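Colleague: Could you work out the structure for the sequence below:
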Amino acid sequence: MSDEPNAREPVGEDPRIDTLEERLRAAREREDLRNKPVAGTETDENYRAGNRVLADLIGGIVGGAFIGWVIDHFAGTTPWGLLVMLFLGIIVAFRNIIRMSNRRSD
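Modeller: Next comes the predicted model:
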C-alpha cells in the first residue's frame, strides 16, 4: 500500500492560500480606508462661486488700474486714465458677478 492519497479523496486546502486571502482582505480594507473621502475636504459649489466672485473683484480692480496707469504713462493724462479705467474695471467686475448670480438661480 502506498502513502499517497487516493485520487477520489478530497485534498485539504493549503494554509498558504488562507494566509494569502487574509492578507488580500486586509490590503483591500486599508485601500478602502485610504481612498475614503475625508469630511470637509470636498470643494462644494458655493466655495467655488465665492472664489469666482473674489477673483472677479480683484481682477477688475487690478486690471482696470493697470490699464489706466499704462494709458496715463503713455498719454500723459495723469490721473484721469487711471480713475476712468479703475471705475470701468469695477463696473465690469460687478456686471460679471450679477451675471453669475442670475445664472445660478436658474
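Colleague: and the longest helix seen in the chain, what does it pack onto?
Modeller: What stands out as the longest helix in the chain, according to DSSP state H, is helix 45-75. Counting contacts by 3 or more Cβ pairs under 8 Å, 6 or more residues apart in numbering; DSSP states H and E, helix 45-75 is packed against helix 80-104. The way it works is simple: take the backbone N, C-alpha and C, and place the C-beta from them, glycine included.
Colleague: Residue ranges in the protein under the pLDDT threshold?
Modeller: 1-12, 38-43, 104-106 (pLDDT under 70).
Colleague: Helix 80-104 and the longest helix of the chain, what's the angle between them?
Modeller: Interaxial angle of helix 45-75 relative to helix 80-104 (axes from the mean of the first three to the mean of the last three Cα atoms, to 10 degrees): 160 degrees.
Colleague: list the buried ones in helix 45-75?
Modeller: Neighbour counts using 16 or more other Cβ atoms under 10 Å place 56-57, 60, 63-65, 67-69, 71-72 of helix 45-75 among the buried residues.
Colleague: cool, and stretch 91-106?
Modeller: 92-93, 96-97.
Colleague: Could I get the CA-only coordinates of that stretch as PDB?
Modeller: C-alpha atoms of stretch 91-106 as PDB (Å, rounded to 0.1, in the frame of the first residue of the first chain):
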ATOM      1  CA  ILE A  91     -18.300  98.100 -13.300                       C
ATOM      2  CA  VAL A  92     -17.100  95.100 -15.300                       C
ATOM      3  CA  ALA A  93     -16.400  93.100 -12.200                       C
ATOM      4  CA  PHE A  94     -19.900  93.800 -10.800                       C
ATOM      5  CA  ARG A  95     -21.500  93.000 -14.100                       C
ATOM      6  CA  ASN A  96     -19.800  89.600 -14.100                       C
ATOM      7  CA  ILE A  97     -20.900  88.900 -10.500                       C
ATOM      8  CA  ILE A  98     -24.500  89.800 -11.300                       C
ATOM      9  CA  ARG A  99     -24.500  87.600 -14.400                       C
ATOM     10  CA  MET A 100     -23.100  84.700 -12.400                       C
ATOM     11  CA  SER A 101     -25.700  85.200  -9.600                       C
ATOM     12  CA  ASN A 102     -28.500  85.300 -12.200                       C
ATOM     13  CA  ARG A 103     -27.300  82.100 -13.900                       C
ATOM     14  CA  ARG A 104     -27.000  80.200 -10.600                       C
ATOM     15  CA  SER A 105     -30.700  80.900  -9.700                       C
ATOM     16  CA  ASP A 106     -32.000  79.200 -12.900                       C
END
